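J.: here is a sequence together with a model predicted from it:
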Amino acid sequence: MSWKIEKRKIGRAGGKFQRNARHKEWDKKYGEGSWEIGYVIDGEFVDQYTAIDSVYYQSYVKHFEQHLEDLSQLIKLAKVLRNPHAEATTGVDLQLPAIIRYLKENGLKLEGKEVVDIGSWQGQASHPISVRLSPLHIKCCIQPRWTLEKWWQEEKCLAVWE
């Protein structure tokens with residue numbers, strides 16, 4: 001038995017009500033626990049949680065390693081990080097956990113005094129670094145010609161256990 005890709009390009013997760021409705025639909029169609037959202041990496045299906053670690057988080061690691069000035073500015077400026085898009089839409093927040101994990105794993109702490117958005121909402125961002133650290137601008141570590149957001153949305157698929 002193994003995972004079979006049922007549908008590619010399943011689109012954005014959406015807000016919590018949209019996500020819950022899709023999950024109920026898939027439970028009904030495929031059976032509870034018999035489907036998984038994920039990605040095909042190196043020819044193998046990996047669940048979304050594995051991809052968060054191996055692609056999403058690693059893309060931020062690579063960005064900070066290549067752009068030390070962004071890391072330094074973030075640490076000096078921010079007291080608190082916020083994802084305005086996730087707050088406004090009840091969408092899934094992946095960028096804050098990735099950045100917070102990076103800081104923690106590297107023994108770093110925010111030293112600033114400001115609330116700094118990571119990403120934007122309706123064209124508004126708290127600081128220029130908000131845009132630079134958005135997944136719309138971070139390069140994907142396994143497909144550097146794409147942004148992290150493009151890869152995350154375009155490559156997401158639904159797999160069914162056979």
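T.: Nice, I can see it. Numbering: from 1, shown residues only.
J.: ranges for the strands of this protein?
T.: Ranges of strands within the chain are 3-8, 35-41, 44-47, 78-82, 114-117, 157-161, based on DSSP state E.
J.: reformat those strands as JSON lines; add mean pLDDT.
T.: Listed next are those as JSON lines, based on pLDDT from 0 to 100:
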{"stretch": "strand 3-8", "mean pLDDT": "95"}
{"stretch": "strand 35-41", "mean pLDDT": "96"}
{"stretch": "strand 44-47", "mean pLDDT": "96"}
{"stretch": "strand 78-82", "mean pLDDT": "97"}
{"stretch": "strand 114-117", "mean pLDDT": "97"}
{"stretch": "strand 157-161", "mean pLDDT": "96"}
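J.: in stretch 24-32, what counts as buried?
T.: W26, Y30 (16 or more other C-beta atoms under 10 Å). Any C-beta I mention is one placed from the backbone N, CA and C, and that applies to glycine too.
J.: err, stretch 70-90, not the other one
T.: In stretch 70-90, counting by 16+ other C-beta under 10 Å, buried: L71, Q73, L74, L77, A78, L81, R82, N83, P84, H85, A86, T89.
J.: quick revisit: ok, which of the strands of the chain comes nearest Q143?
T.: strand 35-41 (10.0 Å; C-beta to C-beta).
J.: by mean pLDDT, point me to the weakest helix or strand of the chain.
T.: When the helices and strands of the chain are scored by mean pLDDT, DSSP states H and E, helix 84-89 comes last with a mean of 90.
J.: off-centre distance for that helix?
T.: Here the centre of helix 84-89 is set off from its chain's centre by 14 Å, with C-alpha atoms, centre = their mean, to the nearest Å.
J.: quick one: end-to-end distance for stretch 7-16.
T.: 21 Å (C-alpha to C-alpha, to the nearest Å).
J.: how close does the residue nearest the centre of the chain sit to D70?
T.: Residue closest to the average C-alpha location in the chain (C-alpha atoms, centre = their mean): L94, at 3.7 Å. For L94, the distance to D70 (C-beta to C-beta, to the nearest Å) stands at 18 Å.
J.: how about residues contacting the least confident helix or strand of the chain?
T.: 14-15, 91-93, 96, 117, 119-122, 124-126 (C-beta atoms under 8 Å, 6 or more residues apart in numbering).
J.: what's the closest of the residues you listed to W161?
T.: For the contacts of helix 84-89, the nearest to W161 is V92 (22.8 Å; C-beta to C-beta).
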